[in-house]
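K.L.:
Based on what follows, work out the 3D shape:
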Amino acid sequence: MIRDATQADLPCLAAGMVRLQEAHVRAFPEIYRPFEAGDAVAHLSALLSRPDAFVRVAVQADNVVGHVAFVIETRPESMFTHAQRYGHIAQIEVAPEFRRHGYGRLLLADCERLAAEHG
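P.N.:
Numbers count the residues shown, from 1 in each chain. The predicted structure is shown next:
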């Protein structure tokens, strides 16, 4: 099941963000830097309050097993381009023990649905 994230989900989501960021730091230390769970909670809390952002969670038996942060981006017309509106997957993560079970696919499909709904 996919649903909206709540404030109560944030500690779990923050742990996933830290886990994902650690993988990025190991692979590309010249680009990425580590952060703490508290920073992730603050970031996610800010996302939850934005009308153009969606934090969605994959749930199995009442346990959050993954999440996606999806943002509707809007760029104004410029002398070079037409105005643009598109969806941006800012982050997607599934807990290691739940990978390869289709949760990532469900989260991506949910983003496609959100993009269609929000033009």
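K.L.:
And the spatially most central residue of the chain, how close does it get to A83?
P.N.:
Taking C-alpha atoms, centre = their mean, the centroid of the chain lies closest to A69, which sits 2.1 Å from it. Separation of A69 from A83 (C-beta to C-beta, to the nearest Å) stands at 24 Å. Where you see a C-beta, it was placed from the backbone N, CA and C, and this is true even at glycine.
K.L.:
who are the neighbours in contact with A95?
P.N.:
For A95, the contact set (C-beta atoms under 8 Å, 6 or more residues apart in numbering) comprises G16, R19, V65, G66.
K.L.:
and if we set it to 6 Å?
P.N.:
Neighbouring residues of A95 by C-beta atoms under 6 Å, 6 or more residues apart in numbering: V65.
K.L.:
now it: how far from R3?
P.N.:
16 Å.
K.L.:
and what of D9?
P.N.:
Separation of D9 from R3 (C-beta to C-beta): 9 Å.
K.L.:
tell me which element the most far-flung residue of the chain relative to its centre is part of?
P.N.:
Note on the chain: the largest C-alpha distance from the chain mean falls to M79, namely 32.0 Å (C-alpha atoms, centre = their mean). If you go by DSSP states H and E, M79 is not part of any helix or strand.
K.L.:
Who has more neighbours out of D9 and R3?
P.N.:
D9 (18 against 12; other C-beta atoms under 10 Å).
K.L.:
secondary structure class for that one?
P.N.:
helix (DSSP: H, G, I helix; E, B strand; the rest coil).
K.L.:
contacting residues for it?
P.N.:
Counting by C-beta under 6 Å, 6+ apart, D9 has contacts V57, V64.
K.L.:
A strand includes A14, no?
P.N.:
No. Per three-state DSSP, A14 lies outside any strand segment and is helix.
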